[in-house]
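**Q** Sequence and predicted structure, then a few things I'm wondering about:
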Amino acid sequence: MECFLSFSHAPPTTSILRRSVTHASKTNRNGWLRAKLHEDDDPLFRAAINAASLRFQETHRPEPLFVDPYAGCFVSPHIQMDMRKSLHPYCIATKFVDDKLLRTVNHIDGLKQVVLLSDGMDTRPYRLSWPTSTIIFDVSPERVFKRAAEKLEGVGAKLPRSCLFLHVPLESSNLQQSLRAKGFNGNQPSIWAIQGLPLMTLRSFEEILLVVSCLAMNGSFFVGELPSWLQNTDIGIKSTTGEWMEKLFKSNGFWVDMVIHKGVAKSLGKDLASIKYENILFVAEHLRFSDDQISKLYLQMETWRAELQRVEEQGDEEGFEEL
């Protein structure tokens, strides 16, 4: 992975970093920024807190789209509430992702693995009603996650009964290996959600997409938001956003569908706020075998080949007919 050194202005759900190739190897061998900054000066913390403040405000509406009882522990007690009737697109996206996650884990047999690619302050593990035995993996910046975990413990946040929550630092030098080490199984279905993960360049998202493609069993789902500026950094692509998304995901074995925020709001009987918000909402299905599935098939083929060879060498006609 590459090294990313300085932040630029970003929407509340996305932290954007600029790349410095010449300084990469000297600063951080695994490619992710590890500067120790005070929370008030740290763009990762600011972006995560901004997103939490939107969830906090939505929670306190007369008829909220969702309730996040823990968002308040991340925001200032002096937060200015915005009670306009129209909804922030981030909240629409959050509701869409919430619903997709719960519908999927409740309707696909054997789906017990959920991977959240987040800003470190995602409260979904605590606030959503996960089925028994759900395993939730959170991939996010370690320093933000640790601070958030302290605050959540302080307000008594609890996981649903019999569920397991595991954190994988975004700074890991090998995310695939780290997820496997935590127990992720590519021979079982999964659903992945991305919202708030600090994406730095198109390359950084392509690396994430490759991780999902290698680990997710065919038929697994990937849902969430991407910053639209990623398309503008793809020099070789001059196409519509839909065409760009299709090519990007298809090259990694996904069928993808863009979801319009305004359409989601309309389906919920809500009005969308007229503000600049350039994230792309999407849902994708993985159509390829995971690496684990391919390895399993290879081992099966080797077993059959060895057995066939044994039968041929022994001239075991009865055994040959059984095969």
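**A** Ah, there it is.

**Q** and the closest residue to Ala52 other than its chain neighbours, what is it in contact with?
**A** Among residues not flanking Ala52 along the chain, Phe74 sits closest, at 4.0 Å (Cβ to Cβ, 6 or more residues apart in numbering). Glycine gets a C-beta too; all of them are placed from N, C-alpha and C. Applying Cβ atoms under 8 Å, 6 or more residues apart in numbering to Phe74 gives the contacts 48-49, 52-53, 56, 121, 148, 151.

**Q** Mind checking which of those residues are buried?
**A** Listed as buried from these are 48-49, 52-53, 56, 121, 148; burial here means 16 or more other Cβ atoms under 10 Å.

**Q** Strands - which of those land there?
**A** Using DSSP state E, no member of these sits in strands.

**Q** Please render those residues as a markdown table that adds distance to Arg103 to the earlier fields.
**A** Rendered in a markdown table, the data for the buried ones among the contacts of Phe74 read as follows (distance: Cβ to Cβ, whole Å):
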| residue | distance to Arg103 |
| --- | --- |
| Ala48 | 26 |
| Ile49 | 29 |
| Ala52 | 24 |
| Ser53 | 27 |
| Phe56 | 25 |
| Met121 | 24 |
| Ala148 | 26 |
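
**Q** Considering these, which is situated nearest to Ser274?
**A** Taking Cβ to Cβ as the measure, Ser274 lies nearest Ser53 of the buried ones among the contacts of Phe74, at 19.8 Å.

**Q** Settle this for me: the closest one is touching Gly72, isn't it.
**A** No - Ser53 lies out of contact with Gly72 (Cβ atoms under 8 Å); the separation is 9.3 Å.

**Q** Okay, helices next: where are they in the chain?
**A** Assigned by DSSP state H, the chain shows helices spanning 21-27, 43-59, 89-107, 124-127, 142-154, 175-181, 202-215, 229-232, 241-250, 261-267, 291-314, 317-322.

**Q** need the contact list for Asp82.
**A** Asp82 neighbours (Cβ under 8 Å, 6+ apart): Gln57.

**Q** For it, give its distance to His60.
**A** 10 Å (Cβ to Cβ, to the nearest Å).
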